[in-house]
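Participant: Requesting a structural model of the entry that follows:
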Amino acid sequence: MAACEKLSETKSIIDDEAVSVNLFFITRELKEGVAKSAKIIDKYRFRAWSVDVAPELVSFFVGVAQKQVSKALESEDYELEPYDVISDDLSNRLYTYALNNALSFSDVVTNQIISGSPSSIASLAQIRESLWAYSLKVTTASGIALIFRKLSKGKVVTDESQSIKERISSVFDTDTSELKVSTQESISFDDKLDCIFVNGEFLVFRKSGFESIVGLEEEFNEAANDVLDIVKATVLVEGVEHIESQLKESRALLKTLSNIAKKGHHHNLNSNEIEKMKSILHRFEGKELKMTETGKLLLEDKNDVGYFVKLLNDYYKQGMVSGKFYGTNSGQLLAANA
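Facilitator: As a prediction, the model looks like this:
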């Protein structure tokens with residue numbers, strides 16, 4: 001299906017006047033018996049909570065979705081493509097992601113929000129520490145659309161266990177032109193959305209928010225660690241701890257390693273591959289890979305890590321028609337016909 005068709009299908013649901021709208025907060029907590037440091041995929045439990053919402057807020061949320069979808073429809077060259085860990089950073093892309101790939105989050109969508117009856121919250125303090133995202137369920141005779149946006153506990157203000165000396169919230173009274181203390185609970189929303197779920201798949205507008213919401217970052221971590229374990233096992237690279245250290249701080253490195261895992265390049269790492277890496281780096285960067293006296297590839301700093309990961313991810317590519325060379329971390333493996 002073309003991007004304009006998918007967007008028009010979505011727009012017809014959220015633009016319908018005969019619409020029912022429900023708001024849900026989504027929390028995320030570790031599954032029972034699982035440690036936060038556990039190197040496993042799918043270790044979190046997601047739960048939806050029903051929230052009564054005033055008509056003004058309904059108009060705001062629906063308006064945000066309408067604006068986002070309409071903006072995408074205005075661009076005639078918008079392209080629809082399957083979600084990939086790393087893709088070219090182009091503004092005219094709409095990514096799709098099938099629900100059955102979304103780990104535990106699929107339970108929130110299918111069994112809780114669409115067909116279930118989530119419990120209501122009595123107070124924001126009840127969910128503040130585990131608040132993860134919100135979803136707006138738009139139901140019409142023609143279908144259901146779920147709008148998602150990442151949230152954090154920093155967006156929530158409660159008076160729970162804090163005195164006025166520790167934290168204070170205020171509101172500006174326009175009638176008296178005075179800033180006053182507020183004792184009410186509050187939560188802030190912006191005018192953006194991360195993804196919309198419609199007809200069995202997510203339409204992804206903001207990849208980072210989407211990845212965080214459905215738990216893909218946990219999958220990235222697992223894949224990245226698998227790559228490093230295999231690299232270590234080759235006993236051909238010294239200084240892998242520098243990659244591990246940077247991995248804690250760099251989301252880009254995390255996704256690149258996850259992309260390497262997907263392509264499987266790390267399984268071919270051997271002495272011949274390292275010789276190829278040395279030649280390629282010298283050709284395109286004019287740099288030399290560091291080597292130990294025993295012939296191992298040596299990583300000593302951030303630059304060494306950057307070059308090695310680029311090479312392992314096949315960053316340097318050649319166009320089959322033009323013959324020109326390119327540098328990009330994105331790209332999908334293709335099967336050539338005989």
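
Participant: low pLDDT regions in this protein?
Facilitator: Judged against pLDDT under 70, the low-scoring parts of the chain cover residues 1, 39-41, 76-78, 86-92, 101-103, 153-172, 177, 180-183, 326, 329-338.

Participant: quick one: contacts for the residue positioned nearest the centre of it?
Facilitator: Averaging the C-alpha coordinates of the chain gives a centre point, and the residue nearest to it by Cα atoms, centre = their mean is residue 211 (1.8 Å). The contact partners of residue 211, by Cβ atoms under 8 Å, 6 or more residues apart in numbering, come to 217, 220. To be clear about C-beta, it is placed using only N, CA and C from the backbone, and glycine gets the same treatment.

Participant: can I assume it sits in a helix?
Facilitator: Yes: per DSSP: H, G, I helix; E, B strand; the rest coil, residue 211 lies within a helix segment.

Participant: how close does it get to residue 97?
Facilitator: Shown here: residue 211 relative to residue 97, a distance of 10 Å by Cβ to Cβ, to the nearest Å.

Participant: Would you map out the domains in this structure?
Facilitator: What the record gives for the chain is the domain set 3-158+187-214, 219-327, from automatic domain parsing.

Participant: Include distance to residue 174 when you put these into CSV, please.
Facilitator: Rendered in CSV, the data for those read as follows (distance: least, Cβ to Cβ, whole Å):
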stretch, distance to residue 174
domain 3-158+187-214, 17
domain 219-327, 41
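
Participant: out of these, which comes closest to residue 173?
Facilitator: Between residue 173 and the domains of the chain, the shortest gap by Cβ to Cβ is with domain 3-158+187-214, which sits at 17.3 Å.

Participant: ok, and residue 97, which helix or strand is that part of?
Facilitator: Taking DSSP states H and E as the definition, residue 97 sits inside strand 93-98.

Participant: Need the contact partners of that strand.
Facilitator: With Cβ under 8 Å, 6+ apart, strand 93-98 has contacts from 3, 6-7, 72, 78-84, 87, 195, 200-205, 207, 210, 214.

Participant: before we move on, what about stretch 212-228?
Facilitator: So stretch 212-228 is contacted by 26, 28, 39-44, 46, 85, 97, 102-105, 132-133, 148, 150, 194-195, 202, 210-211, 240, 243-244, 247, 253-255, 257-258, 260-262, 266 (Cβ under 8 Å, 6+ apart).

Participant: rerun that using 7 Å as the cut-off
Facilitator: Outside of stretch 212-228, the residues that reach it under the criterion Cβ atoms under 7 Å, 6 or more residues apart in numbering are 39-41, 43-44, 102-105, 133, 148, 150, 194, 211, 240, 243-244, 247, 254-255, 257-258, 260-261, 266.

Participant: Go through those residues and flag which are in helices.
Facilitator: When DSSP state H defines the helices, the subset of the contacts of stretch 212-228 inside them is 105, 211, 240, 243-244, 247, 254-255, 257-258, 260-261.

Participant: From those, keep the buried residues only.
Facilitator: In the ones in helices among the contacts of stretch 212-228, burial by neighbour count holds for 105, 211, 240, 243, 247, 254-255, 257-258, 260-261, counting by 16 or more other Cβ atoms under 10 Å.
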